[in-house]
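In: This is a predicted model, with the sequence first.
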Amino acid sequence: MSFASLGLHPDIVQQVKTLGYSSPTPIQLAAIPAVLEQKDLMAGAQTGTGKTAAFALPLLHHILQTKDLGHKGIQVLVLTPTRELAQQVHASFVKYSEKLPIQSVVAYGGASINVQLDSLRKGCDVLVATPGRLLELIMKDLIDLSHLHALVLDEADRMLDMGFIIDIQRILKKLPEARQTLFFSATFNDEIFALSKTLLKDPQLIEVDSRNTTATQVEQTIYAVDQDQKSALLSFLIGSKNWQQVLIFTRTKQGADELAKEMQKDGIATQSIHGDKSQGARDRVLADFKAGKVRALVATDVAARGIDIEQLQYVVNHELPYNAEDYIHRIGRTGRAGTSGLAVTLVSEKERYLLTDIEKLVGEQFVPQWLQGFEPDLNKVMNTQKKREPSKKELRAKALGLHSPKDKKSKKKRRFN
Ligand code: AMP
């Protein structure tokens, strides 16, 4: 099936052709007709599946029609969890509407509000924003959302994970009730369903990939290795296999900085990206990584969320995420839009339980390998296994169905990354 047969405006069809998209991806095939019919949508789509165009193209089509009827003001609002994703979605709207009389503006925290206000004043049909900055604009009465006809929540799961639920609810109160709402999420859980119930009217459920599965084009390799050997193994892999563009995940900002320093010492041009860095610094690092000036980029989960690099081939989990769903997001950074990718995960004995969580989520059993020269020290493994016997307190918490105090601590820690 072609883009033209989906009923999109000829100028939009021409533009995607110019961009080299020969046919719609599965999520586009399913979502575009539903959005054109102005239905609410609950779509499960992994990163890299073409989900941005799946909502951007039909929404642009609709704006073209309403503009013909004389409609003005912000018509489409896209909320994203991170600045990077906001920039990326905005760039997609700009790319798709290059030859159309449609203006897209992006607004996020950590950057000058005045510059964003200037852009808004010049005219804005599509606003892409992070919840915090949008709320600031609303509270200061600097923005008019009364003409809105469509709201998109992109990566809704991540927004909830990052604790944006209150902000989102406050924003929703300021939006017209008669609107179309599109909900995109890579993973689904009970919280997501609960929010969708309050937001969506008779939604169409679209799931092109089976729920909670990893990107199909990504080969996954797991290496069992001692924690203190991970950095050496990583530098060895990058060097010996001549990987040129590698995205590496750690759990903490400090861990990201430390690993980047160690890899620099090993002679690999490496930078880190996380929430403690200024927006300017993050943009520079990302641009250098994209341009190939930086060979390895170490990122925390939140910072990496919006990174879209065509043909990124290698993703490494230097540490396993506490939240199994993050594994799906992480490895979804590679194998995008039909290209193949490799996701390497380094797992220490202490992290085995996290790997089990991931296996349960993706419904796949992994077989960790040993790499010659980096085999785990069996004495250490035995000691860790002994240490991991649960305490009475943990057993009691489990029996009562409570999270162990340890779990709570780790969840808290992750939120700040
Ligand atoms: P997304 O899932 O929206 O992050 O898109 C991932 C990548 O796929 C982006 O780089 C898009 O430019 C690209 N893309 C989107 N739709 C298509 C398509 N129909 N054909 C080829 N590439 C596409």
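Out: All right, it came through fine.

In: tell me the mean pLDDT over stretch 121-134?
Out: Across stretch 121-134, pLDDT averages out at 95.

In: er, stretch 347-357 actually
Out: 93.

In: now swap in stretch 372-381 and tell me
Out: Rounded mean pLDDT across stretch 372-381 is 79.

In: now do stretch 71-89
Out: What stretch 71-89 shows for mean pLDDT is 91.

In: May I see the buried residues of it?
Out: Going by neighbour count (16 or more other CB atoms under 10 Å), the buried part of stretch 71-89 is 74-89. Using the backbone N, CA and C atoms, a C-beta is placed for each residue, glycine as well.

In: So which of those sit within helices?
Out: Using DSSP state H, the subset of the buried residues of stretch 71-89 located in helices is Arg83, Glu84, Leu85, Ala86, Gln87, Gln88, Val89.

In: Just give me the closest of those to Leu36.
Out: Of all these, Val89 has the smallest distance to Leu36: 19.4 Å, by CB to CB.

In: The closest one contacts Leu153, doesn't it?
Out: No - using CB atoms under 8 Å, Val89 makes no contact with Leu153, being 11.6 Å away.

In: What ranges does the protein have for its strands?
Out: Secondary structure of the chain (DSSP state E): strands at 41-44, 76-79, 104-107, 126-129, 150-153, 180-185, 204-207, 218-224, 246-249, 270-273, 296-299, 314-317, 341-347.

In: rewinding a little: which two in the buried residues of stretch 71-89 are spaced the farthest apart?
Out: Gln75 and Glu84 (24.3 Å).

In: interface residues of the stretch 51-200 of the chain facing the ligand?
Out: Lys51, Thr52, Ala53 (CB under 6 Å from any ligand atom).

In: Skipping its backbone neighbours, what lies nearest the first one in space?
Out: Taking CB to CB, 6 or more residues apart in numbering, and ignoring the residues beside it in sequence, Lys51 has Ala45 as its nearest neighbour in space, at 4.0 Å.

In: just curious, which of the ones in helices among the buried residues of stretch 71-89 is nearest to the ligand?
Out: Proximity of these to the ligand (CB to the nearest ligand atom) peaks at Gln88, which lies at 7.1 Å.

In: Tell me which residues touch the nearest residue to Phe366 once chain neighbours are set aside, please.
Out: Nearest in space to Phe366, with sequence neighbours left out and distances taken as CB to CB, 6+ apart, is Ile222 at 4.8 Å. The contact partners of Ile222, by CB atoms under 8 Å, 6 or more residues apart in numbering, come to Val344, Thr345, Val347, Leu355, Phe366, Val367, Pro368, Gln369.

In: can you pick the most crowded of the residues you listed?
Out: For the contacts of Ile222, the largest number of neighbours (other CB atoms under 10 Å) sits with Thr345, at 25 neighbours.

In: OK, contacts around Leu297?
Out: Neighbouring residues of Leu297 by CB under 8 Å, 6+ apart: Val246, Leu247, Ile248, Thr270, Gln271, Ser272, Ile273, Val285, Leu286, Phe289.

In: redo that, cut-off 6 Å
Out: Counting by CB atoms under 6 Å, 6 or more residues apart in numbering, Leu297 touches Leu247, Gln271, Phe289.

In: Find the nearest non-adjacent residue to it, please.
Out: Computed as CB to CB, 6+ apart, the closest residue to Leu297 that is not its neighbour in sequence is Phe289, at 4.6 Å.

In: Okay, buried residues for stretch 357-374 please.
Out: Neighbour counts over stretch 357-374 (16+ other CB under 10 Å) mark Asp357, Ile358, Leu361, Val362, Phe374 as buried.

In: scratch that, stretch 228-236 is what I was asking about
Out: Neighbour counts over stretch 228-236 (16+ other CB under 10 Å) mark Gln229, Lys230, Ser231, Leu233, Leu234, Ser235 as buried.
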